[in-house]
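Have a look; sequence and predicted model below, questions after that.
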Amino acid sequence: MTTESVFTGLKVLDASTFIAGPAAATVLSDFGADVIKIEPPGHGDPQRRLSSVPPSPRAEANYGWHLANRNKRGMVLDLKSPATTEVLKRLVQWADVVITNFPHGTREKLHLGYDEVSGWNPRVIYADLTGFGDAGPDARQPGFDLTAFWSRSGLLASTRDAGAPPTVPVWGSGDYTSATALYAAIVTALYRRERTGQGTSVGTSLLATGVWATGTLVAGALADGTPFELHDRSTPVNALTNPYQTADGRWIMLATSPLHWAELARAIERPELIDDPRFTDIESFAKNAVALSELLDAKFSSRPFAHWREALARERITYSLIQTPEEAAQDPQLRANDIVVPLQGVSGLAHTVNSPVTLRGVPKVPAKRGPDLGEHNDQILAELGFSPIEIAQLRAQGAIPGTRSEEAA
């Protein structure tokens with residue numbers, strides 16, 4: 001049984017690699033789009049191997065591949081082969097959306113530049129992702145989320161404690177953030193096409209989404225603002241937004257404000273502090289932040305997390321337990337809100353992470369495994385009008401790989 005959803009009938013050609021571009025296509029597929037992913041011969045998209053590269057968690061299942069490529073059909077095409085151009089042309093003419101992240105220059109050599117693609121299909125939505133944008137001295141530089149999103153944007157320099165060197169953030173986090181931005185650009189262009197009938201070129205960059213994520217600090221710099229020093233939890237500028245450790249070694253992130261000081265004072269069983277002159281307004285809280293952090297350190301370290309969970313919840317104080325990814329994966333809140341969903345067809349991987357876009361009352365299609373390498377070559381070529389003889393010729397010309405039996409021989 002096929003689930004009808006928002007993009008049922010929408011056709012997407014995913015000619016991108018790694019995470020951000022493919023993940024944008026995955027969000028479209030979650031809402032019913034028919035996505036064809038093309039990969040190079042040999043090992044295919046490097047994303048097929050990232051789950052086995054440290055520090056990715058070791059597991060039997062290729063969880064990263066299925067996360068970024070579920071619900072798609074897969075083809076292997078050698079875009080460097082002249083014989084492939086006609087196949088690519090028919091795919092573009094079939095598609096409503098074409099997604100690529102090949103660098104400028106390379107994409108034109110592979111017949112994936114916007115001018116050629118839009119010449120084949122003027123109504124197409126052409127969506128691309130770059131590391132550093134379309135213009136400027138670094139437009140053609142390669143970029144990954146660790147470099148363009150995290151490092152160049154100012155985000156990584158700001159996401160560490162005072163005295164600590166920069167660390168390696170969760171890789172892929174910038175890619176998945178950028179995927180959401182690219183998805184938004186595609187949907188905006190589809191809406192425009194509904195109104196005007198015109199295709200267009202849209203895109204984003206890892207740098208743009210990284211700066212957007214760092215927006216408060218970059219906007220402050222644009223206003224010639226004076227930055228605070230890097231955070232130091234023992235001498236914070238705001239003790240009410242600070243991590244604290246409980247008696248059983250768990251960490252919580254407190255995120256409250258002077259407006260809720262009375263409730264917090266009651267939660268930590270120090271109601272006399274409500275009228276303490278050191279903690280009466282924003283200025284006094286800032287002036288006495290170190291003293292308050294020492295006070296809160298002592299209180300939170302005196303009881304286990306279970307106690308503070310009840311006490312803080314009773315007073316409706318905003319905080320969170322700092323969970324590990326393993327704890328997050330088992331958090332019942334994720335399943336209650338379909339943040340984690342069942343995945344069909346993968347041994348050793350019963351669930352995957354859902355895309356963050358929800359239309360209430362509108363179903364997403366059930367998540368199914370990503371395609372094997374070249375799994376749907378013959379099926380898709382036949383749909384595009386290639387005869388069995390023509391498909392055999394494409395194999396002979398090296399545009400597509402041979403059958404498994406031919407390769408084995």
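Alright, I've got the coordinates.

Report the central residue of the chain.
In the chain, the residue lying closest to the centroid (C-alpha atoms, centre = their mean) is Y176, at 1.0 Å.

and that one, what element?
Using DSSP states H and E, Y176 sits in helix 173-196.

what about that helix, average pLDDT?
For helix 173-196, mean pLDDT rounds to 98.

other SSEs contacting that helix?
Packing contacts for helix 173-196, counted by 3 or more C-beta pairs under 8 Å, 6 or more residues apart in numbering; DSSP states H and E, involve helix 20-30, strand 97-100, strand 125-130, strand 200-205, helix 206-213. Any C-beta I mention is one placed from the backbone N, CA and C, and that applies to glycine too.

how about a cut-off of 6 Å?
In terms of contacts (3 or more C-beta pairs under 6 Å, 6 or more residues apart in numbering; DSSP states H and E), helix 173-196 is packed against helix 20-30, strand 125-130, strand 200-205, helix 206-213.

Strands of the chain, start to end?
Along the chain, counting by DSSP state E, strands occupy 11-15, 34-39, 72-76, 97-100, 125-130, 200-205, 241-245, 251-255, 319-321, 340-344, 351-353, 367-368.

sorry, back to before: make TSV from the helices and strands packed on helix 173-196 and add mean pLDDT and mean neighbour count to it.
Shown next, in TSV, are the helices and strands packed on helix 173-196 (pLDDT from 0 to 100; neighbours: other C-beta atoms under 10 Å):
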stretch	mean pLDDT	mean neighbour count
helix 20-30	98	28
strand 125-130	98	26
strand 200-205	98	21
helix 206-213	98	22
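
Kindly reformat those as TSV and extend each row with distance to T3.
Formatted as TSV, those follow (distance: least, C-beta to C-beta, whole Å):
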stretch	distance to T3
helix 20-30	10
strand 125-130	23
strand 200-205	27
helix 206-213	30
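
nearest to P366, of these?
Ranking these by proximity to P366 (C-beta to C-beta) places helix 20-30 first, at 9.7 Å.

Skipping adjacent residues, who's closest to the residue nearest to the centre of the chain in space?
A23 (5.7 Å; C-beta to C-beta, 6 or more residues apart in numbering).

swap in H43?
Closest to H43 by C-beta to C-beta, 6+ apart is R49, at 6.9 Å.

how deep is that neighbour tucked in, by neighbour count?
Number of residues near R49 (other C-beta atoms under 10 Å) recorded here: 14.

go on, T246?
20.

I339 now?
There are 15 residues near I339, going by other C-beta under 10 Å.

and the gap between it and L67?
13 Å (C-beta to C-beta, to the nearest Å).

same thing with R335?
R335 is 17 Å from L67, by C-beta to C-beta.

and stretch 230-243, which residues are buried?
H231, P236, N238, A239, L240, N242, P243 (16 or more other C-beta atoms under 10 Å).

And for P388, the neighbour number?
P388: 10 neighbours (other C-beta under 10 Å).

What of P169?
There are 17 residues near P169, going by other C-beta under 10 Å.

Identify the residues contacting it.
Applying C-beta atoms under 6 Å, 6 or more residues apart in numbering, one finds that P169 lies in contact with W150.

what's the pLDDT at it?
pLDDT, P169: 93.

Repeat that for Y63.
98.

Pull up the gap between it and I99, please.
Separation of Y63 from I99 (C-beta to C-beta) stands at 22 Å.

And those two? Which one has more around it.
Neighbours were counted for Y63 and for I99 using other C-beta under 10 Å; I99 has more, 28 against 20.

isn't the more buried one right up against D128?
No: between I99 and D128 there is no contact under C-beta atoms under 6 Å: 7.4 Å.

residues near F144, how many?
Neighbours of F144 (other C-beta under 10 Å): 18.

which residues make contact with stretch 149-157 from outside it?
When contacts are defined by C-beta under 6 Å, 6+ apart, stretch 149-157 is touched by residues P166, P169, G174, L206, L207, G210, V211, A213, T214.

pLDDT on it, on average?
Per-residue scores along stretch 149-157 average to 96.

again with stretch 221-235
In this model, stretch 221-235 has an average pLDDT of 93.

Same question for stretch 353-365.
Computed over stretch 353-365, the average pLDDT equals 95.

Just the terminal-to-terminal distance for that stretch.
14 Å (C-alpha to C-alpha, to the nearest Å).

Looking at R335 and L67, which is more packed in?
L67 (24 against 13).

so what's P371 closest to, chain neighbours aside?
G74 (2.9 Å).

can you check D128 too?
Nearest one to D128, counting by C-beta to C-beta, 6+ apart, is G203 at 4.2 Å.
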